[in-house]
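Engineer: Okay, sequence plus prediction incoming.
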Amino acid sequence: MILFQQVEKHYGDFHVLKAINLQVEQGEVVVVVGPSGSGKSTLLRCINRLETISSGDLTVNSQKVNDKKTNINKLRRDIGMVFQHFNLYPHKKVIDNITLAPMKVLGQTKQEAEKTAMYYLDKVGIADKAGQYPSQLSGGQQQRVAIARGLAMKPQVMLFDEPTSALDPEMVGEVLDVMKALANEGMTMVVVTHEMGFAREVADRVVFMDKGQIIEEAAPVEFFSNPREERARLFLNRVLNH
Amino acid sequence: MPDFSILIEYFDFYIEGFVNTIYASILALLGSFLLGTVIAVFRITTVKPLRWLGTVYVEFIRNIPLLLIVYLFYLVLPMLGITLNGFISGTIGLTVYTAAFIAETIRAGIMSVPKGQSEAALSSGLTYVQTMRYVILPQAIKIVIPPLSNQFINLVKNSSVLSVIAGLDLMYFGDRVAGKTYATFDTYIFVAVFYLVLTLPLSYAALILERRLAKHS
C-alpha cells in the first residue's frame, strides 16, 4: 500500500534520506525507530507530501505521491496523520476540530460529521470533552482528540509522528492504549516513536534508521533480542539500559 | 476659547464633511481589508506569479505618497476616458494605499500561526484555500487586531487627502469654512474635534479588544 523505491531527499547540502526502500502492506503496523536526526520523521512526512522527495519513487495505493497529475488533496484524505505537538485548531472546539475535514473535504452534513465525531471521541474515551476548547484539555487528551480527528476521515492508513514525545510521562500510556486498540482492529499504521515497549508489543515490523538510511528491518522479537547490525545494537543498548 | 459662532454658523458644512469622511473611511476600511487579505495570501502562496504580484503591489504602493496615488485615480484615469469624482477617486486611492499596509500586517499575522496548523489541515485533505479560510486566517486575525486597528486609525486621518481633490470630506469643508471666515485657527480646531470624535472611540475599542484577547491567550 505504501512503497518507497530508492527514495532520496536532500535539504540543500544535507542528505536526509538515502536510498530508502520500504514497503508497508495493508493492515501492517510498522514502527520506525532510531536516533534523533536519523530521518524518521522526514520519511514519514514524505508519505503525505508534507515533504517532497528529491528522487526515487514513492507510491501510496499505486499513486505516485510526487507526480504532478496526482491530486494530492484527494490522496491525503486517505492518509491520517497524528503529530508530536497535536496541532489541534485552538480556535475551534474539540468537536469542530474533528468535523472540519469530513464536512469540507468529504461533503458530509453537520449531523453526519458530528455523529462520526462523537463515535470516535467515545472510542478514544473523551466524549465528554466534545464541547471544550483544546487548551482546556491535558496533553494526553489533546493527542487522543487528534487521533479521533484523523480517524473521522476513515483513512486507509494512519501516520504517527512521535505521538507521545511531547507528553508528560503519566499521559503516555493513555495514548499508547488508543494506538494499540487501533492496531488490533487492523488499521494500517506507520509509527515513528521512541517507545520501545510499544514497538515490541504492537509492531509487525520494526524499521531501524540511522543517518538517513534504513539499517535494519525485522520482526520485533528478532530486532530486540538479536539485532543484526552493530549500530542497531548500540542504539538499543543506549535506549534500553538506563 | 475658539469662536463657537463659527461652528454654529457653518454647522451644516461641518456635518456634511463629517458624514462624508465617515463614508469614505468605512468604504476604504472594508475595501482595504478585503484587498489587503487577498494580497497577504498572494505574498505567502507557493504560486510564483501571485507571489510576485503581491510583492510588487506592496513594494510599489507603500513607497509612493498617498497623495500621488489619489492623483492617479483623479487626474490620470480621465486621460484614459474614465472620469471619477473626487470622493470616489479619493476613496479608491485610500483603499489601494491602505491595502498595502494591511497586507503586510496580515502577512505577519499569518506567519505567526505555527506551521503545524497548516500541516494538520493540509494533511486532512483540505485545500490550500480551505486551510487558509478555516484554520489559518481565523487565528491570524486575532493576532493582528491591535496593529490593524492602528492602520484603521491612520486610514481615518489619511482620508483628509480627499480635500485636495474636492472630495467633500471634513477637511475639504474645513478649508471652505476657513476661506469664508479667515479665522483659520478657530475653524480647524473644530475640524480636529470632529476627527477626534471618530478616532478616539476607535483607539478605545482597540484597547478593549486587545485586553480581551490577552485574557484568552
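Structural biologist: Great, that's in hand.
Engineer: For the helix or strand containing residue B:205, what does the pLDDT average out to?
Structural biologist: In the assignment (DSSP states H and E), residue B:205 maps to helix B:184-216. The average pLDDT within helix B:184-216 is 88.
Engineer: ditto for stretch B:2-22
Structural biologist: 92.
Engineer: Please point out which parts of it sit buried.
Structural biologist: For stretch B:2-22, burial by neighbour count (16 or more other CB atoms under 10 Å in any protein chain shown) applies to B:6-7, B:10, B:13-14, B:16-18, B:20-22. All C-beta atoms are positioned from the backbone trio N, CA, C, and that covers glycine.
Engineer: Identify those among those that sit within helices.
Structural biologist: Using DSSP state H, B:6-7, B:13-14, B:16-18, B:20-22 are the members of those that sit in helices.
Engineer: mind checking how far the spatially closest residue to residue A:168 that is not a sequence neighbour is from residue A:46?
Structural biologist: Leaving aside its sequence neighbours, residue A:168 sits nearest to residue A:139 (CB to CB, 6 or more residues apart in numbering or on different chains; 6.2 Å). Distance, residue A:139 to residue A:46, using CB to CB, to the nearest Å: 27 Å.
Engineer: Neighbour count: these two, which is higher?
Structural biologist: Higher neighbour count among residue A:139 and residue A:46: residue A:46, with 24 against 18, using other CB atoms under 10 Å in any protein chain shown.
Engineer: List the contacts of that one.
Structural biologist: A:4, A:7, A:9, A:17, A:52-53, A:58, A:65 (CB atoms under 8 Å, 6 or more residues apart in numbering or on different chains).
Engineer: ok so it is a helix residue?
Structural biologist: Yes: residue state for residue A:46 (DSSP: H, G, I helix; E, B strand; the rest coil) corresponds to a helix.
Engineer: and the helix or strand containing residue A:233, what does it pack onto?
Structural biologist: Element membership for residue A:233 (DSSP H and E) is helix A:230-240. Under the contact criterion of 3 or more CB pairs under 8 Å, 6 or more residues apart in numbering or on different chains; DSSP states H and E, helix A:230-240 touches helix A:196-202, strand A:205-210, strand A:213-218.
Engineer: would you turn the ones you listed into TSV with distance to residue A:157, mean pLDDT and mean neighbour count?
Structural biologist: Shown next, in TSV, are the helices and strands packed on helix A:230-240 (distance: least, CB to CB, whole Å; pLDDT from 0 to 100; neighbours: other CB atoms under 10 Å in any protein chain shown):
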stretch	distance to residue A:157	mean pLDDT	mean neighbour count
helix A:196-202	15	94	18
strand A:205-210	14	96	24
strand A:213-218	18	95	19
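Engineer: which stretch among these comes nearest chain B?
Structural biologist: Each of the helices and strands packed on helix A:230-240 was scored for nearness to chain B using CB to the nearest CB, and the closest is strand A:205-210 (21.0 Å).
Engineer: Run the angle between the closest one and strand A:213-218 for me.
Structural biologist: Orientation check (axes from the mean of the first three to the mean of the last three CA atoms, to 10 degrees): strand A:205-210 against strand A:213-218 gives 150 degrees.
Engineer: who does strand A:205-210 touch, helix- and strand-wise?
Structural biologist: Here strand A:205-210 touches strand A:29-33, strand A:213-218, helix A:220-225, helix A:230-240, going by 3+ CB pairs under 8 Å, 6+ apart.
Engineer: and these, which is most packed in?
Structural biologist: Each of the helices and strands packed on strand A:205-210 was scored by mean neighbour count; the highest is strand A:29-33, a mean of 26, by mean count of other CB atoms under 10 Å in any protein chain shown.
Engineer: How about residues contacting it?
Structural biologist: A:22, A:24, A:40, A:43-44, A:183, A:187-194, A:196, A:198-199, A:202-209, A:220, A:235.
Engineer: swap the cut-off to 6 Å and go again
Structural biologist: A:24, A:40, A:183, A:189-192, A:199, A:202-208 (CB atoms under 6 Å, 6 or more residues apart in numbering or on different chains).
Engineer: Contact residues of chain A facing chain B?
Structural biologist: Within chain A, the positions near chain B by CB under 6 Å from any CB of the partner chain are A:48, A:50, A:73, A:76-77, A:81, A:83, A:85, A:87, A:89, A:91, A:101, A:104-105.
Engineer: in what helix or strand does the residue nearest to residue B:132 when sequence neighbours are not counted lie?
Structural biologist: Leaving aside its sequence neighbours, residue B:132 sits nearest to residue B:41 (CB to CB, 6+ apart; 6.0 Å). If you go by DSSP H and E, residue B:41 is part of helix B:11-44.
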